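>>> I would like to see how this sequence folds:
(one chain, ligands or ions: 1)
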Amino acid sequence: MDLPGLSSAGQSSVTTTTVDLRPETEWRFEVGLDSIVTLKVLQGNAEIFGTELAVGPTYSFTATKLSMFTWRGCRFEWSGDPLAEYISEESVMSSYANLHFALEKLRMQAAEKDAYYEKEVMKEVDIGKFGSGQEGEGPRVLIIGSRSSGKTTLAKILTAYAVKMGRSPMVVSLDPKEGMLSLPGTISAASFSTMMDVEEEESWGSSATTGPMHVPPKNPAVYYFGSDSPTDNIRFYKSLVSRLSIAISSRLAMDHMARVSGCIIDAAGIIDQKVGYDLIDSIVADLSVDVIVTIGNERLYNDLLKRYQPRKQITVVKVQRSGGVVEHDATYLRSIQRRMIKQYFYGPPKTALSAFTITADISALTVYTRSEQSHLVSSSALPIGSDETTALLSLVTKVEVSPALQNAILAVLHASAKDTEDDIAEASVMGFVNILDIDETKKKVKVLMPIQARLPSQVLLMGSYHYLE
Ligand SMILES: Nc1ncnc2c1ncn2[C@@H]1O[C@H](COP(=O)(O)OP(=O)(O)OP(=O)(O)O)[C@@H](O)[C@H]1O
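Presented below is the predicted three-dimensional model:
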């Protein structure tokens with residue numbers, strides 16, 4: 001019998017589907033921006049991109065494309081309105097697991113050497129010198145493939161498996177359009193020692209540059225490139241990768257666990273022979289890469305093999321592309337980026353934050369943007385004897401705080417207004433703000449911040465991202 005006012009008539013019933021997933025198969029599903037899919041593992045073991053799901057709790061997903069894989073089989077139930085869902089028997093997970101074990105072997109060797117060095121050599125060595133390329137360092141793995149080949153997914157799987165074995169790999173995202181633990185437009189690195197949040201797969205979970213969170217935040221080193229593709233300004237991009245590599249080396253020098261765990265580097269999908277190979281070269285050199293993994297591209301694999309195999313310390317391997325990888329079109333990418341920006345200020349649905357607005361004097365802010373790369377001065381136009389690099393325009397240029405900045409997302413830099421442009425171009429990111437309003441008459445600017453605080457630095461870097469609620 002229905003209670004008055006609580007009639008079941010007209011209620012939409014939620015259909016739950018129970019599925020038995022056979023060993024070494026995966027359930028792939030896509031969830032749209034405005035829908036939710038929930039799933040619960042009832043028995044057996046299941047993981048999403050290497051991170052294990054617990055038996056019992058309900059996980060919910062929105063705006064994502066994922067695969068739940070099982071090694072030994074599982075029973076689960078799901079409900080909701082996915083854009084697509086199917087079971088695939090053709091998983092590439094065992095080849096990814098083999099790659100993980102090969103890397104693990106290198107980590108074990110590194111740990112042995114590191115223990116010897118810690119004991120025998122460290123007494124006499126300044127710890128600051130014990131950085132990149134030294135004995136006792138785990139593998140530095142660079143993942144390369146064409147766009148939508150599953151690079152980020154492989155990076156997540158290798159990270160999750162390493163963490164499961166008690167490692168703390170330094171994960172490096174060099175793909176600005178994705179923004180690992182940060183906003184789109186950034187490149188970043190963070191040591192991962194705890195499980196990833198499977199419900200926040202697209203952004204690798206939360207970071208300390210976001211507001212307060214329910215899972216322990218990672219503390220990434222972040223640099224702001226300001227747009228989606230490294231080719232938008234190769235010179236600035238390369239300079240930031242160099243800066244990031246210095247930050248990584250100094251973090252590794254201080255962290256024994258991260259040092260022997262090595263680095264997992266997710267590159268942007270630029271692999272054409274002209275710009276792409278040059279970029280790969282500079283990443284390999286800057287980040288002292290010693291293992292290159294190519295995904296599903298025979299020509300790329302062979303080209304890189306020829307290029308790097310003769311250098312004995314670099315190993316080039318290939319793995320298959322998963323048939324489950326879904327291409328992100330431009331509209332989807334923009335929606336995901338918009339969602340990441342919104343969550344940065346307002347929190348994810350399960351931990352809503354109250355963003356905070358402050359008003360500042362226009363004169364108090366110093367805003368920069370990266371210089372156009374077309375400003376590069378040709379050496380033939382330089383006076384005889386001058387060096388091209390010293391004659392280049394600075395990588396960043398000051399911009400007026402004007403209504404053109406309305407809705408812009410600005411990176412708050414670890415910098416002071418007195419710093420030179422060269423210092424500003426190398427500064428890392430503390431967090432982000434959103435310009436809500438600029439009143440030129442009153443000379444005031446309204447700024448949205450993720451937490452209630454004073455603006456921690458008045459030096460801001462503008463990119464191409466805007467946000468309007
Ligand atoms: N086996 C799978 N089943 C379902 N979805 C998958 C699978 N593997 C990857 N995906 C999804 O496919 C999308 C693209 O994968 P991913 O981001 O790893 O590729 P990428 O090579 O890094 O892409 P890009 O070149 O755009 O950076 C992601 O949304 C990811 O979650």
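
>>> element containing the one residue in the chain that gets nearest to the ligand, please.
Among residues of the chain, the one nearest the ligand by C-beta to the nearest ligand atom turns out to be G324. It sits 2.5 Å away. The way it works is simple: take the backbone N, C-alpha and C, and place the C-beta from them, glycine included. G324 belongs to no helix or strand when elements are defined using DSSP states H and E.

>>> could you check the pLDDT of it?
Reading off the confidence values, G324 has pLDDT 95.

>>> for I270, see how far away D278 is.
Using C-beta to C-beta, to the nearest Å, D278 is found at 10 Å from I270.

>>> out of these two, which sits in the busier spot?
When neighbours are counted by other C-beta atoms under 10 Å, D278 and I270 differ, and I270 comes out ahead with 21 against 14.

>>> okay, now the closest residue in space to that one that isn't next to it in sequence: neighbour count?
With C-beta to C-beta, 6 or more residues apart in numbering as the criterion, I270 has its nearest non-adjacent residue at 4.4 Å, and that residue is G276. By other C-beta under 10 Å, 20 other residues sit near G276.

>>> and G276, what helix or strand is that in?
For G276, the element it lies in under DSSP H and E is helix 275-286.

>>> what's the most centrally placed residue in the chain in contact with, if anything?
What sits nearest the mean C-alpha location of the chain, by C-alpha atoms, centre = their mean, is M180, with 2.1 Å. With contacts defined as C-beta atoms under 8 Å, 6 or more residues apart in numbering, the neighbours of M180 are V171, S173, T186, S188, A190, S203, W204, P220, D266.

>>> tell me how far stretch 266-280 is from the chain's mean position?
Here stretch 266-280 shows a centroid-to-chain-centroid distance of 17 Å under the convention C-alpha atoms, centre = their mean, to the nearest Å.

>>> returning to what we had before: ok, the residue nearest to I270 touching A268?
No. Applying C-beta atoms under 8 Å, one finds G276 not in contact with A268, separated by 9.1 Å.

>>> ok so, going back, next up, phi/psi of the residue nearest to the centre of the chain, please.
Taking degrees, to the nearest 10, you get phi -70, psi 130 for the backbone angles of M180.

>>> any idea how far it is from D439?
With distances taken as C-beta to C-beta, M180 is found 36 Å from D439.

>>> sheet partners, orientation included, of the helix or strand containing W78?
Using DSSP H and E, W78 maps to strand 74-80. Neighbouring strands of strand 74-80 in its sheet, by DSSP bridges, are strand 16-21 (antiparallel), strand 37-44 (antiparallel).

>>> need the CA coordinates for it. CSV is fine.
Coordinates of the C-alpha atoms in strand 74-80 are reproduced here as CSV (Å, rounded to 0.1, in the frame of the first residue of the first chain):
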residue,chain,number,x,y,z
CYS,A,74,34.1,-10.8,-11.0
ARG,A,75,30.4,-10.1,-10.6
PHE,A,76,29.3,-6.5,-10.6
GLU,A,77,26.1,-4.5,-11.0
TRP,A,78,25.7,-1.2,-12.7
SER,A,79,22.9,1.3,-13.3
GLY,A,80,22.5,4.6,-15.1
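
>>> what's the angle from the helix or strand immediately after it in the chain to strand 16-21?
Tracing the chain C-terminally past strand 74-80 and defining elements by DSSP H and E, one meets strand 84-88 next. Direction vectors for strand 84-88 and strand 16-21, defined by axes from the mean of the first three to the mean of the last three C-alpha atoms, to 10 degrees, enclose an angle of 20 degrees.

>>> close to the ligand, is the helix or strand following strand 84-88?
For strand 84-88, the succeeding helix or strand toward the C-terminus, using DSSP H and E, is helix 93-116. No. Contact between helix 93-116 and the ligand, assessed by C-beta under 6 Å from any ligand atom, is absent, since the two come no nearer than 8.4 Å.

>>> which elements pack onto helix 93-116?
Contacting helix 93-116 under the criterion 3 or more C-beta pairs under 8 Å, 6 or more residues apart in numbering; DSSP states H and E are the following elements: helix 151-164, helix 256-261, strand 291-295, strand 315-319.

>>> how about a markdown table for the ones you listed, with distance to L83 and mean neighbour count added?
Formatted as a markdown table, the helices and strands packed on helix 93-116 follow (distance: least, C-beta to C-beta, whole Å; neighbours: other C-beta atoms under 10 Å):
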| stretch | distance to L83 | mean neighbour count |
| --- | --- | --- |
| helix 151-164 | 18 | 23 |
| helix 256-261 | 36 | 23 |
| strand 291-295 | 24 | 25 |
| strand 315-319 | 27 | 19 |
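
>>> please produce TSV containing these, extended by mean pLDDT and distance to E137.
Output for the helices and strands packed on helix 93-116, formatted as TSV (pLDDT from 0 to 100; distance: least, C-beta to C-beta, whole Å):
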stretch	mean pLDDT	distance to E137
helix 151-164	96	14
helix 256-261	92	6
strand 291-295	96	12
strand 315-319	95	15
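
>>> tell me which of the ones you listed lies nearest to K342.
Taking C-beta to C-beta as the measure, the helices and strands packed on helix 93-116 were each checked against K342, and helix 151-164 came out nearest at 20.7 Å.

>>> which strands or helices does the closest one pack on?
Counting contacts by 3+ C-beta pairs under 8 Å, 6+ apart, helix 151-164 is packed against strand 51-52, helix 93-116, strand 140-144, strand 170-173, strand 263-266, strand 291-295.

>>> worst average pLDDT in those?
Per-stretch mean pLDDT for the helices and strands packed on helix 151-164 is lowest at helix 93-116 (a mean of 90).

>>> quick one: residues contacting F76.
The neighbourhood of F76, defined by C-beta under 8 Å, 6+ apart, consists of T18, V19, L21, W27, L39, K40, V41, L42, A46, M68.

>>> what subset of the residues you listed is buried?
Applying a neighbour-count criterion of 16 or more other C-beta atoms under 10 Å, the buried members of the contacts of F76 are L21, W27, L39, K40, V41, A46, M68.

>>> make CSV out of the residues you listed and add distance to the ligand and pLDDT.
Below are the buried ones among the contacts of F76 laid out as CSV (distance: C-beta to the nearest ligand atom, whole Å; pLDDT from 0 to 100):
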residue, distance to the ligand, pLDDT
L21, 13, 97
W27, 9, 98
L39, 14, 96
K40, 19, 97
V41, 17, 97
A46, 13, 97
M68, 9, 97
